[in-house]
Structures are given as structure tokens and as C-alpha cells.
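1. Need a 3D model of the following:
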Amino acid sequence: MASLALSFPPAAAKTPSYLASSSSNFSSSSLSFSTSQSHSRSSVSACIKCDLGNGNPSIPIINERTLPKFLESARIEKSVNRTNNTRLKLFSGTANPALSQEIAWYMGLDLGKIKIKRFADGEIYVQLEESVRGCDVYLVQPTCTPTNENLMELLIMVDACRRASAKKVTAVIPYFGYARADRKTQGRESIAAKLVANLITEAGADRVLACDLHSGQSMGYFDIPVDHVYCQPVILDYLASKSIAAEDLVVVSPDVGGVARARAFAKKLSDAPLAIVDKRRSGHNVAEVMNLIGDVRGKVAVMVDDMIDTAGTIVKGAALLHQEGAREVYACCTHAVFSPPAIERLSGGLLQEVIVTNTLPVAEKNYFPQLTILSVANLLGETIWRVHDDSSVSSIFL
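-> Now for the predicted structure:
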């Protein structure tokens with residue numbers, strides 16, 4: 001059998017000035033922060049800014065343990081017991097070990113020891129190398145490419161924990177694959193999102209923690225509790241550091257289905273105006289832009305979506321925004337799926353910057369100069385602490 005080894009190189013510590021304090025707000029004229037107090041406890045924030053000038057992409061920089069300032073400090077500092085960790089175990093699958101390591105660093109824990117192997121015929125073998133009897137176990141595994149293999153690995157990890165007498169098993173799924181198959185749009189189609197939810201539940205998971213699901217109704221497909229983590233605060237923090245004048249900003253939804261997401265995003269950016277790209281699909285992964293609702297002339301347009309897959313929607317939307325007179329176009333999303341030919345499209349010059357998070361691992365071969373990757377490790381680590389301590393999770397975001 002072939003073994004998959006996980007290694008985590010240490011990262012240097014550095015703190016950007018715009019993350020140096022805990023409470024902040026937008027001024028009426030710009031997207032810069034005014035700060036009033038310092039963090040009383042420490043936190044981890046990571047960012048990858050791709051600079052290919054020397055032929056090599058930059059590496060993540062892990063900073064102090066800070067949370068996005070859009071999460072009010074009064075809610076964040078609410079008493080959560082972070083010392084009762086003897087019965088808390090955190091394990092990583094092979095899909096995104098770097099994110100798992102960052103989460104563990106934020107929480108002040110070591111990743112649990114686990115053996116994950118592939119047999120010659122592709123079967124997956126999982127063995128926990130430490131006791132989890134009576135423990136709250138958290139398994140970090142996005143179901144990204146290869147989707148089916150990573151999903152199966154997660155199911156086997158859950159089963160291993162259940163058979164090892166874990167008290168509770170929580171599947172931490174930063175990216176939930178099959179989320180787009182959440183309804184029937186034509187006759188004789190499957191609803192794969194519900195099927196995957198059933199598989200995770202039947203495998204023995206007691207709870208699911210997921211980031212920015214494609215649609216909110218996916219939470220209802222599970223017969224177990226689901227904690228939905230919103231990653232917008234991480235992106236909002238980064239945009240605030242750019243000090244874009246509020247009167248120059250317009251938030252754009254790349255399709256009608258994303259209007260609620262874009263409206264919530266715009267409200268945080270000094271209640272910025274909203275524009276909508278009217279899109280018609282002629283097939284799966286194929287988008288055709290038809291019209292723009294709203295005014296973007298002379299504005300800095302920020303397109304907001306939950307994921308970028310083949311980038312057809314984002315790039316055609318950016319082209320339309322430039323045609324309508326937008327000065328600059330930024331693309332922001334949580335999940336960087338980046339299926340071919342996404343990289344060629346995104347690096348074509350239509351976008352000033354493409355801002356994503358590390359819910360999915362982005363291979364170095366997919367780096368391009370306009371790409372910025374932000375870490376959601378702190379957000380996930382804080383959520384795990386709150387779930388473990390039976391504290392409120394939704395109060396962070398409301």
C-alpha cells in the first residue's frame with residue numbers, strides 16, 4: 001500500500017498594521033479602519049500574495065492570533081473556555097493539511113496522529129494512532145478535487161472515530177462538494193447534495209461545520225446540527241486595508257441568485273450601492289452575460305460570489321462591467337475551485353485582483369499575479385472552540 005505523509009513547515013510571524021487591533025468601523029468617506037482598542041488575547045491570520053516577479057510565488061505568512069475586526073470584539077471576547085482541551089481532538093484528512101495545521105495553531109493544539117493510506121487498487125485505509133474514547137473529535141476535510149476520493153476519506157475517518165468510541169464526531173468541511181446539486185432543475189435529475197448529507201450522517205457524524213454553503217437550504221438536508229461559518233469578514237478586513245473611497249465603490253452580484261450575499265456584503269462596506277449581472281446559462285459551467293442592472297460608471301466594482309469554478313461567470317461579468325465604464329474590477333469569493341480554464345481566464349487582465357480564501361488548497365502552478373489568498377483558519381478555530389464549549393456560534397456573525 002502507498003502512504004500519504006503530511007508535513008507542515010513552520011511559517012514566519014508578521015502582523016499587518018490593519019490587523020493590529022480588535023474593534024473598528026468604516027468611516028463615511030473611505031474603506032479604512034478607525035481603531036479604538038487592542039486585543040486582550042492573541043490569534044492566527046494568514047495571507048498569500050502572489051508575486052511572480054522572481055518566478056516564485058510567495059509563501060503564507062502566519063501572523064498573530066487575530067480575528068477579523070468585522071466580528072465585534074464584545075462578541076468575540078465573550079467568555080469561552082479555551083483551557084478545557086483534554087477531551088478535544090483535532091484530526092486532518094489529506095485534502096487540505098495546511099489549513100488544518102493553521103487551525104490547530106490558532107487553538108493551541110497539536111493535530112491528532114492519524115494514518116491514512118491508499119492501497120494499490122485505490123482503496124483508502126484510515127487508522128487513528130491515539131485514543132479518542134470519550135473525546136469530542138473534529139475532522140477537517142474539504143471535499144474538493146478529487147471530490148469523490150476526499151469524500152470517501154472523510155466518511156472512513158468518521159467511521160473510524162465512531163468505532164473508536166469517540167463521544168462526538170464533528171465533520172469540519174470548509175468546502176462542501178456537490179453543494180450546487182441542491183435541487184432539481186430538470187426532470188430525472190438527482191439531488192446529490194442531499195445524498196452526500198445522508199452519507200455523512202449515516203457514517204456516524206454528530207455535527208457538521210461548513211463554510212459558505214452554495215445555498216442555505218443545504219443545511220436542511222442534514223438530519224444532524226449544522227454550523228454555517230460565513231467567511232465574508234476575512235475578505236472585508238482585507239478590502240478595508242485598501243482604503244478605497246466609499247463613494248467610489250459598488251458591490252456587484254454576478255447573478256440573480258447571489259443578490260442576498262452581495263447585499264449583505266455591501267451593507268458592511270458603508271452600505272455601498274449594489275449592481276446585478278443578469279446571466280443566462282446555456283449549459284453546465286457555461287455562462288452568458290446578458291445585461292447589467294445598476295450603475296458602475298467610474299466606480300470600483302467588487303464582484304462577490306461563493307466560489308469560482310471555471311471563472312466563466314466572473315470573467316464575462318468583469319468584461320461587461322468594463323464595457324459599462326467601471327474603473328477597476330475586483331473578484332472576491334470564498335472557494336477557489338479553479339477548474340480549467342479558470343487560471344487563463346482570471347489572469348487575462350480584466351480583473352485588478354482576485355481575492356479568495358484557503359478553504360481549498362491552491363496549487364502553486366495555479367498562482368498568478370492578481371491572486372490573493374486569505375486564511376480562514378482563525379474563524380474556523382474560534383467556531384470549533386465555541387462548539388466544544390457549547391457557546392453561541394451565530395452571535396459571532398449576527
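2. what is the rounded mean pLDDT of stretch 328-343?
-> What stretch 328-343 shows for mean pLDDT is 96.
3. Mind listing residues that contact stretch 316-332?
-> Around stretch 316-332, the neighbours that count as contacts under CB atoms under 8 Å, 6 or more residues apart in numbering are 235, 239, 248, 250, 252, 254, 265, 275, 277, 279, 287-289, 292, 296-305, 308, 314, 346, 350-356. Placement of C-beta: from N, CA and C, glycine included.
4. if you look at these, which of them are in helices?
-> Counted as lying in helices by DSSP state H, out of these, are 235, 239, 265, 314, 346.
5. Identify the residue spatially nearest to the first one, adjacent ones excluded.
-> Counting by CB to CB, 6 or more residues apart in numbering, residue 332 is the residue found nearest to residue 235 once chain neighbours are left out, at 5.0 Å.
6. can you confirm the one you found is in a strand?
-> Yes: the secondary structure assignment for residue 332 places it in a strand, going by DSSP: H, G, I helix; E, B strand; the rest coil.
7. So what pairs up with it in the strands?
-> residue 304, residue 355 (DSSP bridges).
8. ok, it to residue 305 distance?
-> As defined by CB to CB, to the nearest Å, residue 332 lies at a distance of 8 Å from residue 305.
9. What of residue 186?
-> With distances taken as CB to CB, residue 186 is found 23 Å from residue 305.
10. go on, residue 203?
-> Here the criterion is CB to CB. By it, residue 203 lies 30 Å from residue 305.
11. Could you check which of the two has the larger neighbour count?
-> Neighbours per residue, other CB atoms under 10 Å: of residue 203 and residue 305, the larger number sits with residue 305, 24 against 19.
12. ok, the more buried one - contacts?
-> Taking CB under 8 Å, 6+ apart as the criterion, residue 305 is in contact with 253, 254, 258, 261, 313, 314, 331, 332, 333.
13. Residue 311 versus that one, what's the distance?
-> Taking CB to CB as the criterion, residue 305 is separated from residue 311 by 10 Å.
14. what do you get for residue 205?
-> 32 Å.
15. before we move on, what about residue 86?
-> Computed as CB to CB, the residue 86 to residue 311 distance reads 46 Å.
16. ok, the two, which is more surrounded?
-> residue 311 (29 against 7).
17. Touching, the more buried one and residue 346? I think so.
-> Yes: taking CB atoms under 8 Å as the contact criterion, residue 311 and residue 346 are neighbours in contact, 5.2 Å apart.
18. Can you pull the residues that touch both of those two?
-> Here residue 311 and residue 346 share the contacting residues residue 338, scored by CB under 8 Å, 6+ apart.
19. What is the burial count for residue 221?
-> Other residues within reach of residue 221, judged by other CB under 10 Å, total 20.
20. Got phi/psi on it?
-> Backbone torsions for residue 221, taken as degrees, to the nearest 10, come to phi -80, psi -20.
21. ok, it - contacts?
-> With CB under 8 Å, 6+ apart as the criterion, the residues that contact residue 221 are 182, 193, 194, 197, 198.
22. Where is the longest helix in this structure?
-> Longest helix in the chain by number of residues (criterion: DSSP H): helix 147-163.
23. Summarise which helices and strands that one is packed against.
-> Packing partners of helix 147-163 (3 or more CB pairs under 8 Å, 6 or more residues apart in numbering; DSSP states H and E): strand 114-118, strand 124-128, strand 136-140, strand 168-173, helix 192-203.
24. so which strand or helix has residue 104?
-> helix 97-107 (DSSP states H and E).
25. Hmm, I typed the wrong one, I wanted residue 322.
-> helix 312-323.
26. In that helix, which residues are buried?
-> Along helix 312-323, the positions that meet the burial threshold by neighbour count (16 or more other CB atoms under 10 Å) are 312, 313, 314, 315, 316, 317, 318, 320, 321, 322.
27. Stretch 212-224 now?
-> Of the residues in stretch 212-224, those buried under the neighbour-count criterion (16+ other CB under 10 Å) are 212, 213, 214, 218, 221, 222.
28. do stretch 199-206 as well
-> Along stretch 199-206, the positions that meet the burial threshold by neighbour count (16+ other CB under 10 Å) are 199, 200, 201, 203, 204, 205, 206.
29. Could you work out the most separated pair of the residues you listed?
-> Largest separation among the buried residues of stretch 199-206 by CB to CB: 199 and 206, giving 14.7 Å.
30. Any idea which helix or strand in this protein has the lowest mean pLDDT?
-> Lowest mean confidence among the helices and strands of the chain (mean pLDDT, DSSP states H and E): strand 33-35, at a mean of 32.
31. Excluding chain neighbours, what is closest to residue 380?
-> The spatial neighbour of residue 380 that comes closest, neighbours along the chain excluded (CB to CB, 6+ apart), is residue 103 at 5.2 Å.
32. Sorry, wrong one. I was asking about residue 132.
-> Nearest non-adjacent residue to residue 132, counting by CB to CB, 6+ apart: residue 166, 4.5 Å away.
33. what do you get for residue 225?
-> Sequence neighbours aside, residue 207 is the residue nearest to residue 225 in space, at 4.9 Å (criterion: CB to CB, 6+ apart).
34. got the contact list for residue 171?
-> 139, 141, 154, 158, 200, 205, 207, 208, 209.
35. what about residue 377, distance to residue 341?
-> Distance, residue 377 to residue 341, using CB to CB: 30 Å.
36. Using TSV, lay out the contacts of residue 305 together with distance to residue 94.
-> Formatted as TSV, the entries for these read as follows, by distance: CB to CB, whole Å:
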residue	distance to residue 94
253	35
254	32
258	31
261	30
313	30
314	29
331	29
332	28
333	24
